[in-house]
Every structure is written in C-alpha cells, then in structure tokens.
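**Q** please find the sequence and the predicted model below.
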Amino acid sequence: GQRGLCLGSIASLTPRSVASSIATDITPGQPLNPATEDAMQCIICLDDEGEVLQKGCCCRGDAGAVHAECLIESAEHTSTTKDQWWEWSTCGICADGYTGDLAVRLAEARVARAESLPADDMKRVDAKVDLSTALDMVGRYEEALALDEEVFAARRERLGEDDLDTVLAAHNLAFSYQAVGRYADAQKTQLYVVEARTRLLGAEHPHTLVSRSNLAGTYNSLGDFTTATALQEEVWEIRKRVLGPDDRDTLISANDLGFFYRQLGRYTESADLFQKTLAQSFRVYGESHPETMTTLGNLAQTYNVQGKYAEATELNDKVLRLNTETLGLEHPSTITSRWRSAVTLRELGRDAEAGRLQAETLEVAKRVLGPEHPFTVWYLVDLSGTYVLLAKYAEAEETFALARAGMAGLDEDHPDVLAANHGRAALLLGQGRFRDAEALLKSVLDRKSAKYGDEHPQTLKTARVHGEALCKLGRFDEALARLTPVQAVYPATIGDEHPSTLRARTALATALLGSEALARAAETANGAVTTLNRVLGETHPQSLHATQVAHSVDLALGRHDEAIAGLTTTLERTRDTRGTDHPRALEVAVLLGEALFQAGRTDEAAELQRETHDRLCATLGPTHPTTLQCKSSLGAVVALTDVAKGKELLRSAFGHLVHVLGAQHPVTRTTQDRLKGL
C-alpha cells in the first residue's frame, strides 16, 4: 500500500507498488477488445458469456481473462474460508497486483464485505487502503484522498502516531495531497513521515528513502528546485549503493533527478541522465512499462526545451500511443502526453493545431482532475499563451483570468506565478499595451533573477522579451543593454543554434536597427535568418519574423528593391501560415507599404496601406500602435495627392501616438516630421 512519486508528469502519480515488470501481451486493467475476447473464456467460470472479460494482472495469453463478478465471488469465498485477504488485490497465478478498473471493482467489493466485520476490526480500515490505492491507479485522486484521511485518522487513534502502520497511512495521505495539488499539506505530512521513519527504521531504509524522495517532489512543486535537487541526489546515491543501479527505486530517483536538473536549466545533464535511465528501463522493464513511459516522456520534454523538436515529436507520439492503448484517453498520464504533443506542435510553428489539441485536452483535464487542480490551472496558462500566438486576445484574456484565479494561494515568487505573469506580459504586447507589458516584465525579471540567477534559462527568456518590449517602446539603448548579455550567455548554455538563441539574436538585430547600428544589425539579422531557415525551415513563424527584421534593415539602408522583393515573399508566406489578418502578416504589410512609398511606387503603397489599415482597425483596433504606424504611412502617401486628407490622417495618428507610445518614440517623431513637411 505504500505509494511513491516520480516527477515530470501526472503519469508519475501512479502508485509504484502496483506496477510490474512481468511482460504481458494484453493491457492489464482494461476490457478486452472484441477480437481478442472471442478467442478467450473466463479462467474461473470457463464461459465467455455475461459481462465483458477483463485482464487485471500480468498473466500471459488467456490465463488472466476473467469476469469481474467471478473474480469477486472467488475472492469472497477464499477470504471467508482461509482468511487470505490478499486475494482481493493479487492474482493467484502470476502473483502480480491487479490494476485498473478491475482493481477498483475488487477493492470496492472488499470494502463492502468488510462492513460486516466488527467496528473495531482493523480489516475494515485495511480494505479502504486497497481501494484508495486502486483509485490512485486510475487517477481518481479526490476519492482516494478522502479514504486516506479516514484511514490515517483511524490508525492514529487506534495505534498511535509512532506505529509503522500509522506512519504508512500518513505517507499515503501525503501522496494524495500531492496528487490533488495541496502541496503545503503534503510537505507538512511528509516531514512527519520522514522524521518518524528515520527514527523507527533508519535513514537508509527503503521506506524512509521513498518518503524522502516524495518530499523532494513536494519541494519541487513548491518551487524550491535547489532543495529538491539536493535531496534527490542524496536519495539516488544511497539507493545506488544499497539497492543497486538497476533497482526500480534507484531508477525512479534517477528519473526524478533528471526532471529536477531540467527545472534548474541544466539541460545537458538532464538529457544524459534520462538517456541512461531509459536504457536501463528498457532492459529491466521493457518498452511499455509505466516506468519506461515516464522516462520517455521526460526525455521528450528535455529534447523540447533543447530545441530538438523532431526527436521530441517522435518520443511524444510514441508515449501518447502507448498511454492511449494501455490506459485510455481520460487517464491522467494520457492527458499529460496529449498536452506535451501540443506544446511540441506549437514549437514547430503549428499554432492552430496546438491550440485545438490543447483546448480538447483541457476539457478532459477539467473533468478528470478537476478545474482547480494545479495541472489544470497550468494548462490554462499554457493555452493562454497559444491564444496569444494565434492573436485570439479575448480568449487569451479570459483563459489567463481563470488561471490566475486558480493560483490565488501561491505567492508572487512561485515558479507558476512567474511563468503566468511572463505569459500575461506577452498578451499585453500583442494588445499593444507596451508600457504595461514592460513594467510587468521588469517585475518578473527582477524576481526571476533573485530566485534563479541571471543565467538561468527562465531568467534569460524574460530578459529577452523585456528587451523586445523596450524596442517596441523605442528605448533602443536600454534594449541593447538588456539583450547583449542574453545573446552572450545563450550560446554557452543552450547552444548557438538553439531556437531561443536565435530568437534573442533577432531581438538584438531589432535593437541595433533602432540604434542605427545598421551594419551590425544587417550582419546579426542575416545570420539569424540563415540559421533559422536551416534549423526550423523558411516558413516557421520565427524564421519569417527574422526575415522581416532583416528586410527592415535593407529598407533603412536604402536598399528598396531588396526590401520590397523580400517583404513581398515574407508577406505571402506569413499569410499562408498564419492568415491574412494575423498581426504578424499585417506588420509585414505595413512595412512593405512603407518600402513601396519610399521607392516612389505610391499607387501600390496607397492601395496596400488602405487595405491594411482597414484590416488593422477591424482586428487590433484603431489605436493599436501597429494601426497608428500604418495610418502615419497612409497619411504620407495620401498627402501626395490630397494634402488636406493627408494632414487629417497624420494629425489623428500623431495625437494617438503621443498618448500610446510617447512624444519621443521614433514612429511619433516620424509622424510629426511628416506633418511639418506639409
């Protein structure tokens, strides 16, 4: 009945004591499919009629195929005549614990049977332990928690706080607190368990080590990555020495430690440890074992943050397929797999597909885990970020508000809150609220620097976006001061061709362009474009944005023909991949219109800017900075043939720009100069 955690996914919440390394050709705990069932009969009644046949153990072939009612009747008979209560949870043939829905059916029947026992018989409590463990296996965590609280209270009252059965009940209660996201309660309970087991069993006893490992997981959930990592490293070293490198608990520690390394930004160490652990898991358990699936999923996540999207996609697809086949679409492990697949789709630039998959998966998570579960809340944050990429700002605002409400109990320095506020700032940038975004990013950056250090990937990510916000505000010298250290650190920590490195390089090129360091801007932007096209492809959104910046430099250098040709191609590709009315496509259209105007192709410029202005007003609103920039360019073009109308457009744009961006912003000053010229 002892449960242990492995971090990195909801899949890790599956109890360790019920998994088995015995090979099977049929998924345990699931109904047999019709084709398989036709060839089998119940091992107890020797009939294939009646309710659906199931396999809940690891017997091969048809040896474990049973009707649930037959198995319950057999367990009742055996336990009544021989007092063998383990018959309710263990197969008598393969000696493996029953899993899945079959385990729940057996445990529920045992609890019902135990109600006939005297009120002071502890077998009534033991039956509820089995049911709680079975409910954990199928992801019914709230129901398991209610039973665990009842069991702990009963054992503490009857046996005392220092009895090992009471301590075990507290251990399982802490597991359930963790599973439903009550991390403070989990930490308090785990500290009691670790102290009691260390005193009663010894510091290196396997049960003590499980409790210490679970405590490390809770520290991680509370955002204390350093303490979590140090504690898990201690547990891993002891387990290697005491239990051996291939022991299940040793592999669990290695898996958890790889996850903690990734949280700390130590990606290479994380990937190396996951790869070694995966090789051991394949050898010890086989490909489809839950331990192997957890490690595969964690390795895929590490590949994702390393920018190895092809490798991440391959592993995610494999884990999703196996989890769907073995656990079903609504199991927490499958939910996690679906979400990870969506995140990788987003990194590949397939935002619309990612958004659809995330929205579908979120609804399942709400139903299975509950709307307030930490994973459900985090999915809301992540989906909000996808909506921002899709320029669905109203949906992003609504989703973000739900997420922040779910984080009401967390302090502002918690990693999830910091990540959520970073995402909120990205939404503000998309809405054109540059000043609000810059202030929020500065606050998040200060907190991340204090919590993680200046060179942690999460800190660098926020520093980069803060630099981009400063560019939006025309504060290019400050942007250069912010982005130059980021660009210097990234290649050494995550690699010169990592997408995050290249994104920072593009942002640096923008700052150099605004500072009129045009030669350096051209070199930086063109270098980013060349690498991005090779790494992500020419039509990836990140590649297209870098190309847009590179041709902005061409325009600043007076290379009108190159700018027009390049921006025309970029506009076509952006419209194809993101839609005609996406803000990125409209930004490129504004820039192309300006290039046409400067090249003297005024009729084409006027036509494009009118169309783009109308689209911008409809999608972003008349006072969005991009709309106002377009209006300024349109006013300059119109003034060539209609001075009064041109002045009207320029005056309107100028008034709003002073309010939105400030009088010293380059776009505001350009608009003012155009007015003076008339």
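**A** Looks like it arrived, so ask away.
**Q** what does the pLDDT read for Val18?
**A** The model reports Val18 with a pLDDT of 27.
**Q** okay, now Trp339: neighbour count?
**A** For Trp339, the number of neighbouring residues by other CB atoms under 10 Å comes to 26. Yep, even glycine has a C-beta here, placed from its N, CA and C like the rest.
**Q** could you pull up the contacting residues of the nearest residue to it once chain neighbours are set aside?
**A** Leaving aside its sequence neighbours, Trp339 sits nearest to Thr361 (CB to CB, 6 or more residues apart in numbering; 5.4 Å). Thr361 makes contacts with Ile335, Arg338, Trp339, Ala342, Tyr379, as judged by CB atoms under 8 Å, 6 or more residues apart in numbering.
**Q** so which elements touch whichever strand or helix holds the fourth one?
**A** The secondary structure element spanning Ala342 is helix 332-347 (assigned by DSSP states H and E). If contacts are counted by 3 or more CB pairs under 8 Å, 6 or more residues apart in numbering; DSSP states H and E, helix 332-347 sits against helix 290-305, helix 309-327, helix 351-368, helix 374-389.
**Q** and the second one with helix 290-305, angle?
**A** Comparing the axes of helix 309-327 and helix 290-305 via axes from the mean of the first three to the mean of the last three CA atoms, to 10 degrees yields an angle of 150 degrees.
**Q** ends of stretch 254-272, how far apart?
**A** 11 Å (CA to CA, to the nearest Å).
**Q** just how off-centre is it within its chain?
**A** 16 Å (CA atoms, centre = their mean, to the nearest Å).
**Q** what does stretch 350-366 give?
**A** Using CA atoms, centre = their mean, the offset of stretch 350-366 from its chain centre is 12 Å.
**Q** three-state assignment of the nearest residue to Asn526 once chain neighbours are set aside?
**A** Nearest residue to Asn526, sequence neighbours excluded (CB to CB, 6+ apart): Ala550, at 5.5 Å. At Ala550 the chain is in helix, as set by DSSP: H, G, I helix; E, B strand; the rest coil.
**Q** same question for Thr569.
**A** Note that with three-state DSSP, the state of Thr569 is helix.
**Q** mind checking how far it is from Gln629?
**A** To Gln629, Thr569 is 21 Å away according to CB to CB, to the nearest Å.
**Q** ditto for Arg503
**A** Look at Arg503 and Gln629: by CB to CB, they are 23 Å apart.
**Q** compare the two (neighbour count), which wins?
**A** Gln629 (25 against 21).
**Q** ok so, going back, and the residue nearest to Asn526, how many residues sit next to it?
**A** Around Ala550 there are 26 residues (other CB under 10 Å).
**Q** if I look at it, what pLDDT would I see?
**A** For Ala550, pLDDT reads 97.
**Q** and the gap between it and Leu678?
**A** 32 Å.
**Q** from the helices and strands packed on helix 332-347, which stretch is densest packed?
**A** helix 290-305 (a mean of 25; mean count of other CB atoms under 10 Å).
**Q** name the SS class of the nearest residue to Thr619 once chain neighbours are set aside, please.
**A** Counting by CB to CB, 6+ apart, Thr619 lies nearest to Asp581, which is 5.0 Å off, once chain neighbours are set aside. Using three-state DSSP, the secondary structure recorded for Asp581 is coil.
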